[in-house]
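In: Structure here, sequence nowhere to be found:
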């Protein structure tokens, strides 16, 4: 966080509002924080993904001045899955709503296993965050396999960090990247595995090796009642 006082005063030194150092080394849990300020009580809130306990969770903190933060601890956790890409919104009545994706955890013996893990989108909310958030609600109606999408170079899976949430009236609107309609490409997987092994493979020809639905990710939208 880089809080700044009114006028022309410079920004303060960067600070971490309760973020665990382990966050930056999280597997399947990219370090990503999102801050929102609400007019109800004039408070700033930040959410991030934490992997300090070996399991990806969503954590949060709150501040009234941007310099002094109170940790809310873990606000969302999905059994058997690691949370990533959290986003927050604040309604006019102070209700805090959070959306995030969660990827099924790989086996301990194969932490970088690909092609098998899938993710879903989830939602939690709290009228009084200090009193705790609701149990994660699965929003997506079908799981997504990130292996169905890729960088143009094919060197890595890629779904983008396209996720967002906004509160309006009595409804939270959630949008996320969904890959349920995307198809894996065995040739792309083999190409990546050769790269990881230190070889110099030739990328497969998309006109010959891919299904038309490879890379077919979509933006899904859902409306969730507040309260």
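Out: Done, it's in. This one's a predicted model, so the numbers in the text were calculated from it and none came from an experiment.
In: from here on, contacts and neighbour counts on C-alpha atoms
Out: Fine.
In: And residue 167, how close does it get to residue 203?
Out: 44 Å (Cα to Cα, to the nearest Å).
In: meant to ask about residue 130, not that
Out: Using Cα to Cα, residue 130 is found at 51 Å from residue 203.
In: Please apply the same query to residue 98.
Out: For residue 98, the distance to residue 203 equals 39 Å [Cα to Cα].
In: out of those two, which sits in the busier spot?
Out: Neighbour totals were compared for residue 98 and residue 203, and residue 98 leads with 25 against 15 (other Cα atoms under 10 Å).
In: Any regions of this structure where pLDDT drops low?
Out: Counting by pLDDT under 70, the chain shows low-confidence ranges at 1-41.
In: And for residue 69, nearest residue in space, chain neighbours not counted?
Out: What sits nearest to residue 69 in space, not counting adjacent residues and going by Cα to Cα, 6 or more residues apart in numbering, is residue 63, at 4.7 Å.
In: cool, and residue 118?
Out: residue 145 (4.5 Å).
In: can you tell me how far the closest residue to residue 107 other than its chain neighbours sits from residue 189?
Out: Take residue 107 and drop its neighbours on the chain: the residue closest to it by Cα to Cα, 6+ apart is residue 113, 7.8 Å away. Shown here: residue 113 relative to residue 189, a distance of 11 Å by Cα to Cα.
In: Can you mark which positions in stretch 173-193 are buried?
Out: Across stretch 173-193, burial judged by 16 or more other Cα atoms under 10 Å covers 173-185, 187-189, 191-192.
In: Can you show me the helices along this protein?
Out: For the chain, helices defined by DSSP state H occupy the ranges 186-196, 206-209.
In: Let me have the ones you listed in JSON lines, adding distance to residue 160 as columns.
Out: Formatted as JSON lines, the helices of the chain follow (distance: least, Cα to Cα, whole Å):
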{"stretch": "helix 186-196", "distance to residue 160": "18"}
{"stretch": "helix 206-209", "distance to residue 160": "20"}
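In: Show me the contact partners of stretch 188-200.
Out: 115, 154, 155, 156, 201, 202, 203, 204 (Cα atoms under 8 Å, 6 or more residues apart in numbering).
In: redo that, cut-off 7 Å
Out: Identification of contacts with stretch 188-200 by Cα atoms under 7 Å, 6 or more residues apart in numbering yields 154, 155, 201, 203, 204.
In: what's the spacing between the last one and residue 156?
Out: The gap separating residue 204 from residue 156 is 14 Å, by Cα to Cα.
In: pretty sure the residue nearest to residue 107 is in contact with residue 103, am I right?
Out: No: using Cα atoms under 7 Å, residue 113 makes no contact with residue 103, being 11.9 Å away.
In: Who has more neighbours out of these two?
Out: The neighbour comparison of residue 113 against residue 103 (other Cα under 10 Å) goes to residue 103, with 23 against 12.
In: Spatially, what comes nearest to the more buried one if we skip its sequence neighbours?
Out: With sequence-adjacent residues excluded and distances taken as Cα to Cα, 6+ apart, residue 103 is closest to residue 119, at 4.1 Å.
In: Give the residues shared as contacts by residue 113 and residue 189.
Out: Common neighbours of residue 113 and residue 189 are not found (criterion: Cα under 7 Å, 6+ apart).
In: related to what we said a few turns ago, okay, now the residue nearest to residue 69: neighbour count?
Out: 17.
In: Name the residues linked to it by a beta bridge.
Out: Legend: beta-bridge partners of residue 63 under DSSP bridges are residue 44, residue 69.
In: mind listing what it touches?
Out: Going by Cα under 7 Å, 6+ apart, residue 63 touches 43, 44, 45, 69, 70.
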